[in-house]
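S.K.: sequence and predicted structure, then a few things I'm wondering about:
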Amino acid sequence: MPLPICIEFGGGAELLFGKVKTHEVNLPDKEASWTIKDLLTWMKDNMLKERPELFIQGETVRPGILVLVNDADWELMGELAYNIQENDRIVFISTLHGG
Amino acid sequence: MPLPICIEFGGGAELLFGKVKTHEVNLPDKEASWTIKDLLTWMKDNMLKERPELFIQGETVRPGILVLVNDADWELMGELAYNIQENDRIVFISTLHGG
Amino acid sequence: LFQHKERLTNAEISRYSRQLILPEIGVKGQLLLGKTAILIVGAGGLGCPAAIYLAAVGIGKIGIVDYDEVELSNLHRQILHTERKVGLAKCQSVVGACRGLNSFVECVPHHVQFDSSNALDIVKQYDIVLDASDNVATRYLLNDACVIAGKPLVSGSALRFEGQLTVYNHEGGPCYRCLYPKPPPVEAVTNCSDGGVLGVVPGIIGSLQALEAIKLACKMESSYSRKLLLFDALDGRFTAIKLRGRQPSCPVCGDSPTIVRGSLVDYVQFCGAQASDKDKALTVL
Amino acid sequence: LFQHKERLTNAEISRYSRQLILPEIGVKGQLLLGKTAILIVGAGGLGCPAAIYLAAVGIGKIGIVDYDEVELSNLHRQILHTERKVGLAKCQSVVGACRGLNSFVECVPHHVQFDSSNALDIVKQYDIVLDASDNVATRYLLNDACVIAGKPLVSGSALRFEGQLTVYNHEGGPCYRCLYPKPPPVEAVTNCSDGGVLGVVPGIIGSLQALEAIKLACKMESSYSRKLLLFDALDGRFTAIKLRGRQPSCPVCGDSPTIVRGSLVDYVQFCGAQASDKDKALTVL
Ligand SMILES: [Zn+2]
Ligand SMILES: [Zn+2]
């Protein structure tokens, strides 16, 4: 069964994803459960519009992007290994430096 | 069965309720379902610490208090006749006029 | 209402460059800002930040209504006034600060007791109105005048550690009377003199009022029509709640209004302020 | 650090009356405010509102670090400067505005290029620090200096229509490096000159920074330690998210720090700004 989740972008990260902040997506059916690591690969192949190196570096997000799972820092949730649940909101926030 | 709900106050309405903004309460078992009208009577008898006329006038809240049911204006929910559900958040906000 | 040129000068392009590069603003938005006239009723804790950010962004014309004079006890929150301006009319003080920041903006002080005799005449000279007042009577009066004149009203208020913000009379949303058909009992009304206020709380709300007015002026979507923002500074919490729409039964914006041009009432009397609190009656702007 | 008297004068009681009646402030809180020294790094879009509200509330001593001079293109968001102050040092301009509002406050301009040679010396003269800077290198440097000096850091930032706010290095919460151990790639960094910003957005964030600093000074609970506030001005939405705690592996606030007093690095180099963008390197405060 496909896994419906909501992917959101903020702080400018949306500029790499067609300038759209909120994306309702269905992750395709797969045997093992979806981790954020899997999600990043999937996003790179299916969603990224431009300059992938400004979103992914190695197998994780590039420095300066904070990942949130349902309004909590992903560090509290297991980071790359977190098992994505149905209807999770996964948010990618680019840190702002201006003032 | 008792009905657990959360009652919150803001804008100064909490000053009539022991200066406490958030109250987790269990409404006692009763045959018919609980409406906000029932709740107001119950609050007057069980929670109001002082000057009931600054909270209730007639059988409704006094002018200048906005009632919210789970972050929506009670006007959208049926006002006094709304049937309270388990774990509802009922909020009483006193309008502010200062600036 | 307020006519401004159709092109930006080089000086304007250079001054506004950091906002011109925003696609949501751009030259088109900047020209709209320059053509917009905004009225701020109240030159106090809400009006000060609202006025200076509207001047900064390049609103064409800003009007400030206030009849009071600057006092030392205002300075904990009314950040455009200064110690040297104590005794000066607040509307003049705010106009001076706005002109000092941006001489491209036309700033108009309205040094009057805002009441039913002049409200409509003033309101109709502007496109968007900010309620930055400090008392119930002015809030009802300004609401009624805005509904009758057909102007959106960006309403802010603050007391103690709390603030509230909404946009009335805009795109099917309610007006102040739709939400509060009857005025509150006088003894339930607390103003900033009685109840106190932490100055930065109206600072935050007044800045948010400026933001909403800018979005309205640029024809962007308003975030707070039919929505009320509640801010609790003690726990740093912002909550947005969904409001009722325009009420067909509303005496001013409803289907059969009874409050119409020429029938604005005595709002101090309507709110009963005189009955028990002479000071409050006197603080009506 | 900063010593102030143990009693309020009549002039102070009258000036601060509207906040003295708040039970959460009161005389005790006002005396605490008067004994607190707060450093604001950056006299721009965030620093202006932060400084003026801290001056208004009666902070004992306010320091402002900035090496730049006022330009016309600053005035769309940096609301304490004026057209007549173009060319003046921004820290002097802000100090002048704060003194004009409240002569009880000691205001100290630090007209220096804030770098590893002076950061610690400046930071240790204050109790609370506000990051109101505009570039990554200064943010790392200021974070490290605050951790080493043991000061809470109220950090704000803004770009385009968005703002972010959090309190670092306070009560078990993370520091900037705990969240961002590695600097972002230079090509992913956008400043306000490149990306633009709507002026009132840093206005709102800077005011919220002042509020948090006031709460820290009064020994009230901070709302944004281990929490990050996200503000999206386009849809008027505020979201607070839960952050990780202090990281034992952090090179500056962790259990075995490698960045210590005397080892502050060259932050411009660390952030790689020079490699590809000379302008950005030069905009380090
Ligand atoms: Zn109405
Ligand atoms: Zn750390």
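M.R.: Arrived safely, thanks for sending. Numbers count the residues shown, from 1 in each chain, chains lettered A, B, ... in the order given. Ligands and ions are numbered 1, 2, ... in the order given.
S.K.: the spatially closest residue to residue C:81 that is not a sequence neighbour: neighbour count?
M.R.: Nearest non-adjacent residue to residue C:81, counting by C-beta to C-beta, 6 or more residues apart in numbering or on different chains: residue C:70, 4.5 Å away. In this view, the C-beta of every residue, glycine as well, is placed from N, C-alpha and C. Applying other C-beta atoms under 10 Å in any protein chain shown, we find 24 other residues in the vicinity of residue C:70.
S.K.: kindly report the same for residue C:248.
M.R.: By other C-beta under 10 Å, 10 other residues sit near residue C:248.
S.K.: thinking again about what came up before, distance check, the residue nearest to residue C:81 against residue C:48.
M.R.: Applying C-beta to C-beta, to the nearest Å, the value for residue C:70 to residue C:48 is 11 Å.
S.K.: tell me if I'm right that residue C:183 and residue C:139 touch.
M.R.: No: counting by C-beta atoms under 8 Å, residue C:139 is not a contact partner of residue C:183; they are 9.2 Å apart.
S.K.: give me the contacts around the strand or helix carrying residue C:129.
M.R.: According to DSSP states H and E, residue C:129 maps onto strand C:128-131. With contact meaning C-beta atoms under 8 Å, 6 or more residues apart in numbering or on different chains, strand C:128-131 is reached by C:36-42, C:46-47, C:50, C:123, C:138-139, C:142-143, C:146, C:151-157, C:209-210, C:213, C:216-217.
S.K.: at 7 Å what do you get?
M.R.: C:36, C:38-41, C:50, C:123, C:139, C:142, C:146, C:151-156, C:209, C:213, C:216-217 (C-beta atoms under 7 Å, 6 or more residues apart in numbering or on different chains).
S.K.: who are the contact partners of the closest residue to ligand 2 within chain A?
M.R.: Nearest to ligand 2 in chain A, going by C-beta to the ion, is residue A:75, at a distance of 12.2 Å. Taking C-beta under 7 Å, 6+ apart as the contact definition, residue A:75 lies against residue D:244.
S.K.: try it again at 10 Å.
M.R.: Applying C-beta atoms under 10 Å, 6 or more residues apart in numbering or on different chains, we find residue A:75 in contact with A:66, A:67, A:69, D:174, D:178, D:179, D:242, D:243, D:244, D:245, D:247.
S.K.: next, count neighbours for the third one.
M.R.: In this case it means residue A:69. Neighbours around residue A:69, by other C-beta under 10 Å: 21.
S.K.: was I right about it contacting residue A:87?
M.R.: No: counting by C-beta atoms under 10 Å, residue A:69 does not reach residue A:87; the two are 11.7 Å apart.
S.K.: and residue C:144, how many neighbours?
M.R.: Counted with other C-beta under 10 Å, residues neighbouring residue C:144 total 29.
S.K.: distance check, it against chain D.
M.R.: Distance, residue C:144 to chain D, using C-beta to the nearest C-beta, to the nearest Å: 26 Å.
S.K.: need the residues touching each of residue C:183 and residue C:139.
M.R.: Residues touching both residue C:183 and residue C:139 by C-beta under 10 Å, 6+ apart: C:177, C:267, C:271.
S.K.: doesn't the first one fall inside a helix?
M.R.: Yes: secondary structure assignment (DSSP: H, G, I helix; E, B strand; the rest coil) places residue C:177 inside a helix.
S.K.: how near is it to residue C:230?
M.R.: In terms of C-beta to C-beta, residue C:177 sits 20 Å off from residue C:230.
S.K.: do residue C:36 as well
M.R.: Using C-beta to C-beta, one gets 28 Å for the distance from residue C:36 to residue C:230.
S.K.: and if you look at residue C:190?
M.R.: Separation of residue C:190 from residue C:230 (C-beta to C-beta) stands at 17 Å.
S.K.: and what of residue C:150?
M.R.: For residue C:150, the distance to residue C:230 - C-beta to C-beta - is 28 Å.
S.K.: most neighbours, which of the shared contacts of residue C:183 and residue C:139?
M.R.: Ranking the shared contacts of residue C:183 and residue C:139 using other C-beta under 10 Å puts residue C:271 first, with 26 neighbours.
S.K.: what is the neighbour count of the closest residue to residue C:24 other than its chain neighbours?
M.R.: Excluding the flanking residues, the one nearest residue C:24 by C-beta to C-beta, 6+ apart is residue C:220, at 6.4 Å. Neighbour count of residue C:220, defined by other C-beta under 10 Å: 17.
S.K.: and for residue C:191?
M.R.: Residue C:191 has 21 nearby residues by other C-beta under 10 Å.
S.K.: quick one: the strands in the chain, in order.
M.R.: Chain wasn't specified; assuming chain A. Secondary structure of chain A (DSSP state E): strands at A:3-10, A:22-27, A:56-57, A:60-61, A:65-69, A:72-73, A:89-94.
S.K.: meant chain C actually
M.R.: Using DSSP E, strands in chain C cover C:37-41, C:61-65, C:106-110, C:128-131, C:153-159, C:162-168, C:227-232, C:237-242.
S.K.: in CSV, list the ones you listed along with distance to residue A:50, mean pLDDT and mean neighbour count.
M.R.: Formatted as CSV, the strands of chain C follow (distance: least, C-beta to C-beta, whole Å; pLDDT from 0 to 100; neighbours: other C-beta atoms under 10 Å in any protein chain shown):
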stretch, distance to residue A:50, mean pLDDT, mean neighbour count
strand C:37-41, 39, 98, 28
strand C:61-65, 41, 98, 27
strand C:106-110, 44, 98, 19
strand C:128-131, 38, 98, 27
strand C:153-159, 38, 98, 29
strand C:162-168, 36, 98, 27
strand C:227-232, 34, 98, 21
strand C:237-242, 33, 97, 17
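S.K.: for the residue of chain A found nearest chain D, give its distance to residue D:237.
M.R.: Using C-beta to the nearest C-beta, the single residue of chain A nearest to chain D is residue A:64, 2.9 Å away. Look at residue A:64 and residue D:237: by C-beta to C-beta, they are 22 Å apart.
S.K.: stretch C:193-205 vs chain A: in contact?
M.R.: No: for a cut-off given as C-beta under 10 Å from any C-beta of the partner chain, stretch C:193-205 has no contacts with chain A; the smallest distance is 16.9 Å.
S.K.: what are the buried residues along that stretch?
M.R.: By neighbour count with 16 or more other C-beta atoms under 10 Å in any protein chain shown, stretch C:193-205 contains the buried residues C:193, C:195, C:196, C:197, C:198, C:199, C:200, C:201, C:202, C:203, C:204, C:205.
S.K.: put the alpha carbons of it into PDB.
M.R.: Provided in PDB are the C-alpha atoms of stretch C:193-205 (Å, rounded to 0.1, in the frame of the first residue of the first chain):
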ATOM      1  CA  SER C 193      -3.400  52.200  32.600                       C
ATOM      2  CA  ASP C 194      -5.400  50.000  34.900                       C
ATOM      3  CA  GLY C 195      -4.100  46.600  33.800                       C
ATOM      4  CA  GLY C 196      -0.700  47.400  32.600                       C
ATOM      5  CA  VAL C 197       1.100  46.100  29.500                       C
ATOM      6  CA  LEU C 198       4.600  44.900  28.700                       C
ATOM      7  CA  GLY C 199       5.600  47.400  26.000                       C
ATOM      8  CA  VAL C 200       7.000  45.000  23.500                       C
ATOM      9  CA  VAL C 201       3.600  43.100  23.300                       C
ATOM     10  CA  PRO C 202       1.800  45.900  21.400                       C
ATOM     11  CA  GLY C 203       5.100  46.300  19.600                       C
ATOM     12  CA  ILE C 204       4.700  42.800  18.100                       C
ATOM     13  CA  ILE C 205       1.000  43.200  17.400                       C
END
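S.K.: brilliant, that's me finished.
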